[in-house]
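> Provided below are the primary sequence and the corresponding predicted coordinates.
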Amino acid sequence: MRRERQRSRRAWRQVLAVCVTCAMCATHGAAFAAGTDEISAAERLIFTTDHLHGIQQQTELDYAFLSTDQPAHSTDVVKVLVVSPDNAKGDAQVSDHSGAVPLPNAGLQCNPVIIYFLERDIAEMEHLTGGQRRYFQQRLRLALAAGPKIETVTSQVGGKPVKARQIVVQPYLGDPNSERFAQFTGKRYTFLIADTVPGEVALIRTDVPGANNDFAHPLQTQTLSFQAALRKLSPPPNAPNVPLKPSDAPRASR
């Protein structure tokens, strides 16, 4: 048990160092867990869990990225290629419509699609508000370190009900500087982690509420949802070129 706690602490320090890099977060790292060197259950579930354990080498996990401010039918497909079995080397590769996406996740065991989504989100927040990315990084870290509730919910994946663990945070509520970006004060982040979904990330979503904190009519919603798992093994030498077939993993409904 002690060895496992030490491993978690080392992993979290690595996350602080390379995942959504932030000097302010590193400075406040010890305070994140209520004055202890433990990390919260939410942080552990999102950042230090081996989400890709059990995934075979050269398996591609596909995710759909949708944003309400994009033109209709402009879904982006985000791909995670598991290079080493179980992602044991933390070398899974991420790509989207622009090609390969470099991420600060070298050596980390979590599903890098989480880092992809958060890096994209924070870059957008910086662009829309003129604020500093380090500031938005810190607010999200603090919200997750505060120990948000982890609820068991049922989500639809491939038209089938799937049990998932849900974490919901609103990093900017109560923020003394939120008047600088009042439109985003109520912004909500939702993470759905499901053990039965390949890669365990079923959904990540952000919602910017409408007037009077109206989430029924949000100003903007962005979602990244699991779609499929595909084997991408290279054929042996001199073997006929056989088209790849998708696995029987569930596909998320849109």
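Nice, I can see it.
> surely Glu43 is in contact with Leu144?
Yes: with contacts counted by Cβ atoms under 8 Å, Glu43 reaches Leu144, the gap being 5.1 Å. For glycine as for every other residue, the C-beta is placed from the backbone atoms N, C-alpha and C.
> count the neighbours of the nearest residue to Phe191 once chain neighbours are set aside for me.
The shortest distance from Phe191 to any non-neighbouring residue, by Cβ to Cβ, 6 or more residues apart in numbering, is to Ile167 (4.5 Å). As a burial measure, Ile167 scores 22 neighbours (other Cβ atoms under 10 Å).
> please begin residue numbering at 35 from this point
Noted, 35 is the first residue going forward, which turns the last one into Ile201.
> shouldn't Ile201 be in contact with Phe81?
No: look at Ile201 against Phe81 with Cβ under 8 Å: they stay out of range, at 11.4 Å.
> show me where the stretch 35-184 of the chain has helices.
All helices of the stretch 35-184 of the chain, identified by DSSP state H, counting those that start in this stretch, fall at 36-52, 57-61, 63-66, 75-81, 146-163, 167-179.
> quick one: residues contacting the closest residue to Ser212 other than its chain neighbours.
Nearest residue to Ser212, sequence neighbours excluded (Cβ to Cβ, 6+ apart): Thr219, at 4.4 Å. The contact partners of Thr219, by Cβ atoms under 8 Å, 6 or more residues apart in numbering, come to 206-207, 209, 212.
> among those, who's most crowded?
Scoring the contacts of Thr219 on neighbours with other Cβ under 10 Å, the highest-scoring entry is Tyr206 at 20 neighbours.
> contacts only, for it.
Applying Cβ under 8 Å, 6+ apart to Tyr206 gives the contacts 173, 212, 215, 218-221.
> looking at the residues you listed, which are in strands?
Among the contacts of Tyr206, no member is found in strands (DSSP state E).
> min pLDDT across the residues you listed, which one?
Lowest pLDDT among those: Ser212, with 79.
> about what we covered before: quick one: the contacts of Tyr206 as a markdown table, columns for distance to Ala250 too.
As requested, the contacts of Tyr206 are exported to a markdown table (distance: Cβ to Cβ, whole Å):
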| residue | distance to Ala250 |
| --- | --- |
| Arg173 | 25 |
| Ser212 | 22 |
| Phe215 | 22 |
| Phe218 | 18 |
| Thr219 | 17 |
| Gly220 | 13 |
| Lys221 | 16 |
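> need the max-distance pair from the residues you listed.
Across these, the longest distance by Cβ to Cβ is 12.9 Å; it joins Arg173 and Gly220.
> and the closest residue to Lys113 other than its chain neighbours, how many neighbours does it have?
Leaving aside its chain neighbours, Lys113 sits nearest to Ser129 (4.9 Å; criterion: Cβ to Cβ, 6+ apart). Ser129 is flanked by 15 other residues according to other Cβ under 10 Å.
> then the one 4 residues further on?
Neighbours of Gly133 under the rule other Cβ under 10 Å: 6.
> not counting sequence-adjacent ones, nearest residue to Arg199?
That would be Ile227: by Cβ to Cβ, 6+ apart, it lies 4.9 Å from Arg199.
> so who does the one you found touch?
79-80, 83, 85, 198-201, 234-236.
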